[in-house]
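S.K.: any chance you could fold what I've pasted below:
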Amino acid sequence: MSIVHANTQIHNLTPADEGAALRKISSMMAFVRRKAAGLPSVFRDRLEFHRMKRFSDHRLRDIGFERDWDGSLIRRQA
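M.R.: As a prediction, this is how the structure comes out:
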């Protein structure tokens with residue numbers, strides 16, 4: 001017996017309530033899946049920015065970035 005089925009029996013939920021609960025769980029799982037799919041690109045971008053911090057200001061300008069006042073990298077404004 002699954003947790004969802006045990007929970008519906010304990011709380012006397014109707015089949016409609018059970019379906020709504022399953023839809024909510026399914027939508028939450030889809031949301032987590034979408035967020036997790038983007039994590040590798042976030043880590044890859046962070047590594048690239050860390051590597052680019054060693055570039056000279058001239059080279060950063062050539063590739064479309066500049067240093068902010070605190071040393072962080074930002075995209076050049078046109």
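
S.K.: per-residue pLDDT, Arg51?
M.R.: Listed pLDDT for Arg51 reads 88.

S.K.: secondary structure element for it?
M.R.: Assessed by DSSP states H and E, Arg51 sits inside helix 39-52.

S.K.: which residues of the protein score low on pLDDT?
M.R.: 1-15, 78 (pLDDT under 70).

S.K.: again, only using 50
M.R.: Filtered on pLDDT under 50, the chain yields no residues whatsoever.

S.K.: in it, which spans are helices?
M.R.: Secondary structure of the chain, counting by DSSP state H: helices at 3-10, 15-37, 39-52, 57-62.

S.K.: residues in contact with the last one?
M.R.: This means helix 57-62. Helix 57-62 is contacted from outside by 52, 66-67, 73, 76, using Cβ atoms under 8 Å, 6 or more residues apart in numbering. (Glycine included, C-beta is placed from N, CA and C.)
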